[in-house]
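**Q** Got a sequence here, can you model it:
(chains A and B)
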Amino acid sequence: DTAVSQTPKYLVTQMGNDKSIKCEQNLGHDTMYWYKQDSKKFLKIMFSYNNKELIINETVPNRFSPKSPDKAHLNLHINSLELGDSAVYFCASSRRAMGEAFFGQGTRLTVV
Amino acid sequence: RKEVEQDPGPFNVPEGATVAFNCTYSNSASQSFFWYRQDCRKEPKLLMSVYSSGNEDGRFTAQLNRASQYISLLIRDSKLSDSATYLCVVMTTDSWGKFQFGAGTQVVVTP
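**A** All right, here's what the predicted structure looks like:
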């Protein structure tokens, strides 16, 4: 019974397409995150939501739009995909915005 | 200067040996500290939180040095399964929800 699950695990798509990644957590946490891990393996926060409200929005292109329908879900929609968007995207959650985070298994996005 | 810096390694460690490495952070307002472990092509997993007084979890010991702004991780009696990338994570009181990750230290335990 996966605590933080994200789908799909792999996503290969062409430049210019629009795609979504879904994330769900069953831990009862109130804070969820999206992180991007690039080819250099550096994990960088993109967004953070607390109780469905956006609390962190790093300097991410507005082609990326997170949506949190409820506090157990945080989806990421990406418009007009570019080659540079290729990375592994991790969803995570924590009990509060200061506790340890638990990560999903990642979505490996490849833009061709 | 990066907010969280780590020696990328790799640290090549014979099985059974001890290895230790540090992570430095630049923001003196940092309040929460963690070590995560990431295996190749997997998600980061919490290894341990780091407390002010230092803490131990089996073969793993974490220390915090606020004066010099670094945390450390020591692994005793290394196992082959300890081979992974160890990520230092720092959070500041003025940016709750913003975990700052280091780039990771790679540890390779050899037979």
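**Q** Do a quick rundown of the strands in chain B.
**A** For chain B, strands defined by DSSP state E occupy the ranges B:4-6, B:11-14, B:19-25, B:30-38, B:45-50, B:55-57, B:60-65, B:70-75, B:84-92, B:100-101, B:105-110.
**Q** and the shortest one, anywhere near chain A?
**A** What that stands for is strand B:100-101. Yes - with C-beta under 8 Å from any C-beta of the partner chain as the criterion, chain A is reached by strand B:100-101 at B:Phe101. All C-beta atoms are positioned from the backbone trio N, CA, C, and that covers glycine.
**Q** helices and strands around that strand, which ones?
**A** Helices and strands touching strand B:100-101, as assessed by 3 or more C-beta pairs under 8 Å, 6 or more residues apart in numbering or on different chains; DSSP states H and E, comprise strand B:84-92.
**Q** State the paired neighbours of the strand it packs on in the sheet, together with their directions.
**A** With DSSP bridges as the test, strand B:84-92 is paired with strand B:30-38 (antiparallel), strand B:100-101 (antiparallel), strand B:105-110 (antiparallel).
**Q** starting at the chain centroid, how far to that strand?
**A** Relative to the centre of its chain, strand B:84-92 is centred 5 Å away, using C-alpha atoms, centre = their mean, to the nearest Å.
**Q** before we move on, the earlier item: just name the most buried of the strands of chain B.
**A** Counting by mean count of other C-beta atoms under 10 Å in any protein chain shown, strand B:84-92 has the highest mean neighbour count of those, with a mean of 24.
**Q** Contact residues of chain B facing chain A?
**A** Neighbours of chain A within chain B, by C-beta under 8 Å from any C-beta: B:31-32, B:34, B:42-46, B:49, B:85, B:87, B:91, B:95-99, B:101, B:103-104.
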